[in-house]
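> Sharing a sequence plus its predicted fold:
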Amino acid sequence: MAPTIVSVKNITKIYKMGEVKVHALRGIDLDIHKGDFTAIMGSSGSGKSTFMNILGCLDVATTGQYLLDGVDISKLDRDELAALRNHKIGFVFQSFNLLPRTSALENVELPLMYNKGVSNKYRIERSMEALKAVGLADRAHHLPNQLSGGQQQRVAIARSLVNDPKMVLADEPTGNLDTHTSVEVMDIFQRLNEESGITVVLVTHEHDIAQYASKNVVFKDGKISEQLAVDNRRKAREELSHISTIEEDNQ
Amino acid sequence: MKFTNLFKIAFRSLGKNKIRTFLTMLGIIIGVASVIAVLAIGQGSRNSIQEQIKSLGTNMIIVFSSSQHRGGVSSGAGTTQRLTVDDALAIAKQCPDIQYVTPEVSTGGQVMYGANNWHTNVDGVYSSYFGIRKWKIKYGEYFNQVQESRADKVCLLGQTVVDNLFGSSVDPVGKYIRIDKIPFKVIGTLQKRGQNGFGRDEDDVIIAPFSTVRNRMNHVRHIHLILASAVSDKYMSLAMNEIGDVLMSRHKISNPENADFTIRTQVQFEQAADATSKILTILLTGIASISLIVGGIGIMNIMFVSVTERTREIGIRLAIGARGKDVLLQFLIESILISFIGGFIGMAVGLISTNAVNTFMHWPVQITTNSIILAFVFSAMIGIFFGWYPARKAANLNPIDALRYE
């Protein structure tokens, strides 16, 4: 069996809004192994965003244990969490979150900028490599506003890969994209997962997007309501070639 | 993050808002420039006052009559004239650290030449007067011992008197003028000295031999002043004590508090004038520093706007692994760059405007290295001080909230 990347045991998260306590998570247990492609699903208010923040080490659970790659993150301070995010996690956000007026290449370089052990030469080479992996090597010096939404999201994916993370966390990565581009983005995730063995955790509320993952975890009212393997997994590559065939026919 | 990269980021983000960056810098530029200019003008005026006083002769000692006690009654200063020519001669003879001594009598008079006339002071002195006051001849020559002993009707004119009687470009040597109807031969003119530290025109004077003024014009036994000079600056206080001792014994006074004369030196005038201009400089520098602080508040304000504007960027940086320190430094370096570059430009503007004041308004200026260092260090500190709080605010943002910020 592949080594465990994420090991979550009985995690709760309670927000205090004045007098009222809000139980966002009510005891979550989850294991994610290397090479998994997990989709976390649930409607808004189900606690999936809170869980995502804890998984991404942006937030700390109120109780329970979270081991990321064997490290217990509940004992870490702010700077140590930052270092952990820098070394072990890649983020892809719904709204791309690229730095404006900064070239694609420099956006991709950003995580390595905050890693003192990386030389300038390696940083640039590695970033070009990551851009190549998402098929945007020729757009390296374009600014985000010169790129389409799909291209921006691919730059963001390249940025999430540049530090060779243990896990890529994608929070609604297709939320701002049309169907065709969504399929393109999912194709990249599937390829990275299958060809490079990268662990992907996808947060989405769209059922058909979750079908690209190999495993679905459904959240409801701060708990996991079901975990199931995806039977008829969608293959983005096939869909893309199908779409392009239709487009060619139309022409 | 590496420092070079931090600087690159800071430069770029300042470059993205050029006008805003420039306006923020303007506060610092004006502050630094005015501090440098004010200090330079203040130092310049102090120097010119000191130079003027020095040109009067730094080792000059002035003795004049003061109040005296007689039977318990004090009379006002200068109401009695107790100094005599013999006092002056005794000082010359008995004080080893005195170089020159002269008695001085003064009178006013209407001076005429041709159709022109002018009212001025006529001072009667020995020729050693010119040595004491370090006053050089422009045309002609000083009077000599023989003319003094014969009470010859000869005189030297100050430049203001020359201007009013003859016109500025005329050499009046050899001409005859009338002072209160007595004809005097002009044997020389004195170099222009301008106003003294107290605003009096030094050149509005006629100098004649002591005996001439006393015997032919003034007719008094007592004299107004004794002027003396010490052999050098270092022996000033010694010379003053010697004069005091001689005069006390001659006037038969045992208690120095009852002395009927006062001894003054230029040092005291110098100190008084210096203190005044010092206070003025401090005051003006204070006002200029306030503008520098206002400039600093401008930086703080803009940095706050910048932090708010870039909340999302900060969120991204924090999420992908920037530590608080990295974000703090990023913003701190920006504010330091603003104040440092502003300080540099302000320094240039300060130097240029100081030279302009000197060239066009003919004010004396002196730029000191200290004032430049002071303004520069001050502006850099303002960058750190006023940049710290906004930068800390940025560094302490919660990445989750910052990422969601619209």
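Cool, the structure landed.
> what stretches of chain A score poorly on pLDDT?
For chain A, the stretches with pLDDT under 70 are A:1, A:247-251.
> longest single helix anywhere in it?
In terms of residue count, the longest helix belonging to chain A (DSSP state H) is helix A:179-195.
> From the contact counts, what lies against that one?
Here helix A:179-195 touches strand A:37-41, helix A:149-161, strand A:167-171, strand A:199-203, helix A:236-250, going by 3 or more CB pairs under 8 Å, 6 or more residues apart in numbering or on different chains; DSSP states H and E. The way it works is simple: take the backbone N, C-alpha and C, and place the C-beta from them, glycine included.
> how does it look with 7 Å?
Under the contact criterion of 3 or more CB pairs under 7 Å, 6 or more residues apart in numbering or on different chains; DSSP states H and E, helix A:179-195 touches helix A:149-161, helix A:236-250.
> Quick one: residues contacting A:Q151.
A:136, A:139 (CB atoms under 7 Å, 6 or more residues apart in numbering or on different chains).
> Which stretches in the chain count as strands?
By default, I'm working from chain A. A:4-17, A:20-33, A:37-41, A:63-68, A:71-72, A:89-92, A:167-171, A:199-203, A:215-220, A:223-229 (DSSP state E).
> wrong chain, I was asking about chain B
With DSSP E as the criterion, chain B has strands at B:60-65, B:69-70, B:73-74, B:98-113, B:116-125, B:137-140, B:154-157, B:176-179, B:182-190, B:205-209, B:225-230, B:261-265.
> who wins for proximity to chain A among these?
Nearest of those to chain A, taken as CB to the nearest CB: strand B:261-265 at 68.3 Å.
> Which neighbours in the sheet does that closest one have, and how are they oriented?
Looking at strand B:261-265 with DSSP bridges, its partner strands are strand B:60-65 (antiparallel).
> Could you say which of the helices and strands packed on helix A:179-195 is packed most deeply?
Among the helices and strands packed on helix A:179-195, helix A:149-161 has the highest mean neighbour count (mean count of other CB atoms under 10 Å in any protein chain shown), at a mean of 25.
> got a list of what B:D203 touches?
B:158-160, B:192-193.
> how many neighbours does whichever residue of the stretch 201-350 of chain B sits closest to chain A have?
Among all residues of the stretch 201-350 of chain B, B:G321 sits closest to chain A, at 2.4 Å; criterion: CB to the nearest CB. Using other CB atoms under 10 Å in any protein chain shown, the number of residues around B:G321 comes to 26.
> Next one: the closest residue to it other than its chain neighbours from A:G117, what distance?
Counting by CB to CB, 6 or more residues apart in numbering or on different chains, A:N86 is the residue found nearest to B:G321 once chain neighbours are left out, at 2.4 Å. According to CB to CB, to the nearest Å, A:N86 and A:G117 sit 11 Å apart.
> Between the two, which has more neighbouring residues?
Each of A:N86 and A:G117 has its neighbours counted (other CB under 10 Å); A:N86 has more, 21 against 7.
> ok, that one touching B:R323?
No: taking contacts as CB atoms under 7 Å, A:N86 lies outside contact range of B:R323: 8.6 Å.
> What residues does chain B have near chain A?
Contact residues, chain B versus chain A (CB under 7 Å from any CB of the partner chain): B:1, B:5, B:16, B:313, B:316, B:318-324, B:326, B:399-400, B:403.
> export stretch A:212-226 as PDB, just CAs?
Extracted in PDB, the C-alpha atoms of stretch A:212-226 (Å, rounded to 0.1, in the frame of the first residue of the first chain):
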ATOM      1  CA  TYR A 212     -12.900  12.900 -12.600                       C
ATOM      2  CA  ALA A 213     -11.500  11.900  -9.200                       C
ATOM      3  CA  SER A 214     -10.900   8.300  -8.100                       C
ATOM      4  CA  LYS A 215     -12.500   8.700  -4.700                       C
ATOM      5  CA  ASN A 216     -15.300  11.000  -3.500                       C
ATOM      6  CA  VAL A 217     -15.600  12.100   0.100                       C
ATOM      7  CA  VAL A 218     -19.000  13.800   0.800                       C
ATOM      8  CA  PHE A 219     -19.400  16.300   3.700                       C
ATOM      9  CA  LYS A 220     -22.600  17.100   5.400                       C
ATOM     10  CA  ASP A 221     -23.200  19.200   8.500                       C
ATOM     11  CA  GLY A 222     -19.600  19.000   9.600                       C
ATOM     12  CA  LYS A 223     -19.300  15.300   9.200                       C
ATOM     13  CA  ILE A 224     -18.300  12.900   6.500                       C
ATOM     14  CA  SER A 225     -21.500  11.400   5.300                       C
ATOM     15  CA  GLU A 226     -20.100   9.000   2.700                       C
END
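> contact partners of that stretch?
Outside stretch A:212-226, the residues within contact range by CB under 7 Å, 6+ apart are A:23-28, A:30, A:36-42, A:46-48, A:51, A:186, A:190, A:202, A:210, A:227-230, A:233-234, A:236.
> Among those residues, name the buried ones.
Among these, those classed as buried by 16 or more other CB atoms under 10 Å in any protein chain shown are A:24-25, A:28, A:30, A:36-42, A:46-48, A:51, A:186, A:190, A:202, A:210, A:234, A:236.
> Mind listing the residues bridging to B:T107?
Legend: beta-bridge partners of B:T107 under DSSP bridges are B:V122.
> Could you dump the helices and strands packed on helix A:179-195 into JSON lines with distance to A:M17 added?
Shown next, in JSON lines, are these (distance: least, CB to CB, whole Å):
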{"stretch": "helix A:149-161", "distance to A:M17": "32"}
{"stretch": "helix A:236-250", "distance to A:M17": "40"}
